[in-house]
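any chance you could fold what I've pasted below:
(2 chains)
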Amino acid sequence: MDKSMTAAEAIGRLESGMTLGIGGWGPRRKPMALVRELLRSDVTDLTVVAYGGPEVGMLCAAGKVKRLVYPFVTMDAIPLEPYFRKARQSGELSIMELDEGMFEWGLRAAGMRMSFLPTRVGLATDVMSRNPELRTVASPYDDGEVYVAMPALKLDAALLHVNVADRLGNTLERGHDRFFDHLFARAADAAYVSCEQIKDQLQLDAETVQDNRFERYLVKGVVHAPCGAHPTYFGPDYGWDMAHLKAYNASATEEDGWAGYFNHYIAPGEDAYLKAVGGAEHIRSLSLPAF
Amino acid sequence: MSEQATLAELMIVAASEAWRDNGEIFASGIGPIPRLGASLAKLTHSPELLMTDSEAHLVSEPVPLGPRGDHQPKYEGYLPFERVFECVWFGARHAMIGPTQIDRWAQTNLSVVGGSYEQPKAAILGVRGLPGNSINHRNSFFVPQHNKRVFVEGEVDMVCGVGTKAERWLEGARRDFATLGVVVTNLCVMAFDGPNQAARVRSLHPGVSFEQVQDATGFPLLAADDMGTTQLPTAEQLEIIRRMDPHDIRAKQVKDNPPAVPEAA
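The predicted structure follows:
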């Protein structure tokens, strides 16, 4: 059982029109090597489900996104994601805007094969009025409380970046916060996982094994992609590349800025990308941010 | 020493008061001034507060803002986002955030402004956690530039955080977990605690008049019976603030970093 494959093979499993979940959070733990491969592919008309960071901006800029399901899109230290803003303000992007916790609830529902989970969150806000497909449900018990029935966010596929994986699909996630990657894996029919380090088969002690956050039966492909979260923050291996994020942000104000960014950084392939951004050694020297 | 305090420092002290007598809950100040306010609260009147390093760890002492040199955080627990959500839904949190818009019903917006929802003039961040925070636990607000673009005349363009507008609440929905704290701005401290939860000015910052605040607000304000002047920082508070913000990040939070007392300029 060897699930290892190239990024191109993993992205080759995706089809236009799919619903694609992307792990990580804002500018953290984003599977950027897989996203860049997706940007190089002809896959389009995606419904993207993400706690959005620069990957959402890039996919929007490249015209890959038909519908976006999100609670936010931000690069944190650079609060406003420029290409997401352009897409959102164009009026052409179909969206489902949700609270962060409702979004989690939707992933959980999908992972538990539930059609919905109840929550108070979203009531008395425009999340309900702007998403008229959302329905409410009354408690069947004596309290009778009325809740939002948060529908399952079922994913065709999920893309994740982890610290270590083996060829069987076992993964280790380190760093201070692994966010909701395990729920994306569970909500998807197929999770494709890129990793900093790949092993034939993990042999772990009882402490290290706690970094394994979801089962290998969820993982359909393992891609060795060192520095694959660059330019986002990937603890504890490297911090975000603020100089690169600033340059990416600035490209949005230039004429044909996205084409310029794409042609310079993404089109030539991942080896060329790593060279263009200063090499693996440079990336691994990027200090972890202090908040 | 108080004479030399900046307006930002006065706002930090005002923010810290939001967490007084909250009990043993998670104090979450989003952005430099709210975070310094929460830190000051924990280091002075409310040591029982839980606080994180703004990443994923509960710390027994607030951590300074920005690069920390050789400062080692004193961890006492783990609170990644998954547990933050659990904490939110449990209700044991008081957050102070800076919304893009706030209306007379205390509804807040961080999503889009202007134009239509489908084609907004400006996309901001998205609803983020406002729907969940606002319906589950106490929330306070921070506004560095008090004006009618923030305190809007009608409803906010996208209601992200719930408020007191009765028509927005379905019958059977629980409203009692949605509680409001204070609003700290560069002009005053307000709260939605007047009759029918109308906005009421609790204190004016030194040199600011009620009329000036009203003119900068898109909806009618009341004055609290005991409306006074916002307290200036004490020497002890200033010492703590400077220790918690060694890189003077607070100086960039209010336009032109004015002094707390205008005459001192």
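
and the nearest residue to residue A:254 once chain neighbours are set aside, how close does it get to residue A:276?
Computed as Cβ to Cβ, 6 or more residues apart in numbering or on different chains, the closest residue to residue A:254 that is not its neighbour in sequence is residue A:260, at 6.3 Å. Quick note: C-beta positions are derived from backbone N, CA and C, even for glycine. Between residue A:260 and residue A:276 the distance is 13 Å, computed by Cβ to Cβ, to the nearest Å.

hang on, the earlier thing: now for whichever strand or helix holds the residue nearest to residue A:254, which elements pack on it?
Using DSSP states H and E, residue A:260 sits within helix A:257-261. Using 3 or more Cβ pairs under 8 Å, 6 or more residues apart in numbering or on different chains; DSSP states H and E, the elements in contact with helix A:257-261 are helix A:242-251.

what packs against the helix it packs on?
Looks like helix A:242-251 contacts helix A:257-261 (3+ Cβ pairs under 8 Å, 6+ apart).

avg pLDDT for the helix it packs on?
Across helix A:257-261, pLDDT averages out at 98.

starting at the chain centroid, how far to it?
22 Å (Cα atoms, centre = their mean, to the nearest Å).

and if you look at stretch A:199-211?
On Cα atoms, centre = their mean, the centre of stretch A:199-211 falls 24 Å from the chain's centre.

need the strands for the chain, in chain order.
Unless you meant another one, I'm taking chain A. Along chain A, counting by DSSP state E, strands occupy A:19-22, A:46-50, A:65-70, A:94-97, A:116-119, A:135-138, A:146-151, A:155-166, A:171-172, A:188-199, A:219-224.

was after chain B, sorry
Per DSSP E, chain B carries strands over the ranges B:26-29, B:57-59, B:75-78, B:93-97, B:101-102, B:108-109, B:112-115, B:120-123, B:138-143, B:180-185, B:188-191, B:200-204, B:222-229.

same for the last one, what does it pack against?
The reference is to strand B:222-229. Applying 3+ Cβ pairs under 8 Å, 6+ apart, we find strand B:222-229 packed against strand B:200-204.

direction included, what does the strand it packs on pair up with?
strand B:188-191 (antiparallel), strand B:222-229 (parallel) (DSSP bridges).

need the winner for burial among the ones you listed.
Among the strands paired with strand B:200-204, ranked by average contacts under mean count of other Cβ atoms under 10 Å in any protein chain shown, first place goes to strand B:188-191 (a mean of 24).

which intervals of the chain have sub-threshold pLDDT?
Unless you meant another one, I'm taking chain A. For chain A, no stretch is flagged by pLDDT under 70.

should've been chain B
Scanning chain B for pLDDT under 70 picks out B:1-3, B:264-265.

helices of the stretch 101-250 of chain B, start to end?
Per DSSP state H, counting those that start in this stretch, the stretch 101-250 of chain B carries helices over the ranges B:130-136, B:210-215, B:235-244.

now do the buried residues in the shortest one.
Taking 16 or more other Cβ atoms under 10 Å in any protein chain shown as the basis for neighbour counts, the residues of helix B:210-215 that come out buried are residue B:213.

may I have it as CSV, with CA atoms only?
Extracted as CSV, the C-alpha positions of helix B:210-215 are listed here (Å, rounded to 0.1, in the frame of the first residue of the first chain):
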residue,chain,number,x,y,z
PHE,B,210,-21.0,65.3,24.4
GLU,B,211,-22.0,67.4,21.4
GLN,B,212,-18.8,66.4,19.6
VAL,B,213,-19.5,62.7,20.3
GLN,B,214,-23.1,63.1,19.1
ASP,B,215,-22.0,64.9,15.9
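
next one: it to chain centre, how far?
20 Å.

quick one: list the elements packing against that helix.
If you count contacts as 3+ Cβ pairs under 8 Å, 6+ apart, helix B:210-215 packs onto strand B:200-204.

who's in contact with the strand it packs on?
Applying Cβ atoms under 8 Å, 6 or more residues apart in numbering or on different chains, the contact partners of strand B:200-204 are B:14, B:182, B:187-194, B:210, B:213, B:221-224, B:227-231.

write out the residues of the stretch 101-250 of chain A neighbouring chain B.
A:101-102, A:104, A:119-127, A:129-130, A:136, A:138, A:144-146, A:176-180 (Cβ under 8 Å from any Cβ of the partner chain).

tally of neighbours for residue 40?
No chain was given, so I picked chain A. By other Cβ atoms under 10 Å in any protein chain shown, 18 other residues sit near residue A:40.

right idea, wrong chain: chain B
Neighbour count of residue B:40, defined by other Cβ under 10 Å: 26.
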